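Visitor: Following is a predicted model, sequence given first.
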Amino acid sequence: MRKLTALLLLGLCALLCAPALSAQAFLNAPLPKVELDGYAQTKAAKFEDYQGRAVLIEFFAHW
Amino acid sequence: MNELQEKYGAKGLSVLAVTSEAKSETEKWVAEKGAHYAYAYDKGGALARYFGVSGIPAAALVNAQGVVVWRGHPGALPSAQIESALVGALSKPLFEWPKSADAARGAFGKRDFAGALAAADKLAPADKEIADAIRGYVDAQIQLAASALEQGNLLLARDLSARLTKELGKHALAARTKELSEQVAKTANAAEIIAAIEAVQKLELGKLKKKKEGEKALDELKRIVKELPDTYAEKVARAKMDDLARILPGLK
């Protein structure tokens, strides 16, 4: 039982800890397919429409 | 955001704001604030997670080749970083190309450069600007691969050339990118140099917690410097060693 708990914990950590460990892995790598929707105030309708442009992605929130 | 768009828009930069919040809240806020930048919804926050965004504001810069080159606080984005991301960028985004350039747009959007260049040749004189942008973009890509090779950055030269060869398909320019790939392969110690550059790039000093880890990393960098003198790998390893020397005394 203890072994099972340990295994479960390990699995959970692999799921939760992995993104934190690879936080900078996206640098100098091609951006994988981006799925965004509801494009507004632009004629772009999907991220591929920016092909050939440099894109500054800014995360924002209204609060 | 608006300022950067105005300053660099015509040079090839698009600013895209992204939120994971609800549409109703966002629309109200955008209207109240009078913001006029492009934005889109990151439902569920997948993109924010990809970039490890834990606080707002945060931003990421993707260069004209689709490679992520920077991530940080938007106020701390160096203009030199923007300038280098713009190399070869389209002065007009695809969605602003005229309808007469539909075929070129379709091919370019998929990075089918053989198709885009063929479509460019068929464009009417009125669309010369578009045809030139397509040729200019492809030329800049090839130039980037060639200068990476010149600088000895075999990793980048290898990856760019291979990708371009695929994207250029049967176009005559593919001969040039194939030649670049061959030159990379023919360079002495190519495999070792590529592996070393990759290892140095992957070494994230911010992750080092213990002195032991720092010392191990230093040994690895020293090995690269010793085994691959006068190569790009030596150059990047030395630069990393300098950074490491600054943080090493602080590790326990």
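Guide: All right, it came through fine.
Visitor: which residues of chain A fall in strands?
Guide: Per DSSP state E, chain A carries strands over the ranges A:37-40, A:54-59.
Visitor: Can you add mean pLDDT and give the ones you listed back as a markdown table?
Guide: As requested, those are exported to a markdown table (pLDDT from 0 to 100):
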| stretch | mean pLDDT |
| --- | --- |
| strand A:37-40 | 95 |
| strand A:54-59 | 96 |
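Visitor: Burial-wise, tell me which of those comes out on top.
Guide: strand A:54-59 (a mean of 25; mean count of other C-beta atoms under 10 Å in any protein chain shown). Just so you know, the C-beta spots here come from the backbone N, C-alpha and C atoms, and that holds for glycine as well.
Visitor: Near chain A, which residues of the stretch 151-252 of chain B are found?
Guide: B:Gln201, B:Glu204, B:Gly206, B:Lys207 (C-beta under 8 Å from any C-beta of the partner chain).
Visitor: Any figure for the gap between the closest residue to B:Ala126 other than its chain neighbours and chain A?
Guide: Of all residues not flanking B:Ala126 in the chain, B:Ser100 sits nearest, at 7.4 Å (C-beta to C-beta, 6 or more residues apart in numbering or on different chains). As judged by C-beta to the nearest C-beta, to the nearest Å, B:Ser100 and chain A stand 16 Å apart.
Visitor: Surely B:Ser100 is in a helix?
Guide: Yes - assigned with DSSP: H, G, I helix; E, B strand; the rest coil, B:Ser100 falls within a helix.
Visitor: Would you mind listing what in chain A touches chain B?
Guide: A:19-21, A:23-24, A:26-32, A:34-45, A:48-62.
Visitor: Got phi/psi on B:Ala124?
Guide: When read as degrees, to the nearest 10, the backbone of B:Ala124 gives phi -70, psi 160.
Visitor: Return the distance of it relative to B:Ala131.
Guide: According to C-beta to C-beta, to the nearest Å, B:Ala124 and B:Ala131 sit 9 Å apart.
Visitor: Tell me how chain B divides into domains.
Guide: Per automatic domain parsing, the domain ranges recorded for chain B read B:2-85, B:94-187, B:191-250.
Visitor: what is the rounded mean pLDDT of the last one?
Guide: For domain B:191-250, the per-residue pLDDT values average out at 92.
Visitor: Tell me the gap between it and the middle of its chain.
Guide: The chain centre lies 23 Å from the centre of domain B:191-250; the measure is C-alpha atoms, centre = their mean, to the nearest Å.
Visitor: same question, the first one
Guide: Counting by C-alpha atoms, centre = their mean, domain B:2-85 is centred 15 Å from the centre of its parent chain.
Visitor: and that domain, how far apart are its ends?
Guide: Terminal residues of domain B:2-85 are spaced 18 Å apart (C-alpha to C-alpha, to the nearest Å).
Visitor: now B:Ala245: how far from chain A?
Guide: B:Ala245 sits 20 Å away from chain A, taking C-beta to the nearest C-beta as the criterion.
Visitor: Quickly find the element holding that residue.
Guide: helix B:232-247 (DSSP states H and E).
Visitor: sorry, back to before: hmm, which of the residues of chain A next to chain B are the buried ones?
Guide: Among the residues of chain A next to chain B, those buried by neighbour count (16 or more other C-beta atoms under 10 Å in any protein chain shown) are A:23, A:26, A:28, A:31, A:34, A:36, A:39, A:42, A:44, A:49-60.
Visitor: residues touching B:Trp97, list them.
Guide: Applying C-beta atoms under 8 Å, 6 or more residues apart in numbering or on different chains, we find B:Trp97 in contact with B:Ala104, B:Arg105, B:Ile130.
Visitor: Could you give the number of residues near B:Arg238?
Guide: If you count neighbours by other C-beta atoms under 10 Å in any protein chain shown, B:Arg238 ends up with 14.
Visitor: Just give the closest residue to it, not the sequence neighbours.
Guide: For B:Arg238, ignoring the flanking residues on the chain, the nearest one in space by C-beta to C-beta, 6+ apart is B:Val225 at 6.0 Å.
Visitor: just checking, what packs against the helix or strand in which that neighbour is found?
Guide: Per DSSP H and E, B:Val225 falls inside helix B:211-227. Using 3 or more C-beta pairs under 8 Å, 6 or more residues apart in numbering or on different chains; DSSP states H and E, the elements in contact with helix B:211-227 are helix B:190-202, helix B:232-247.
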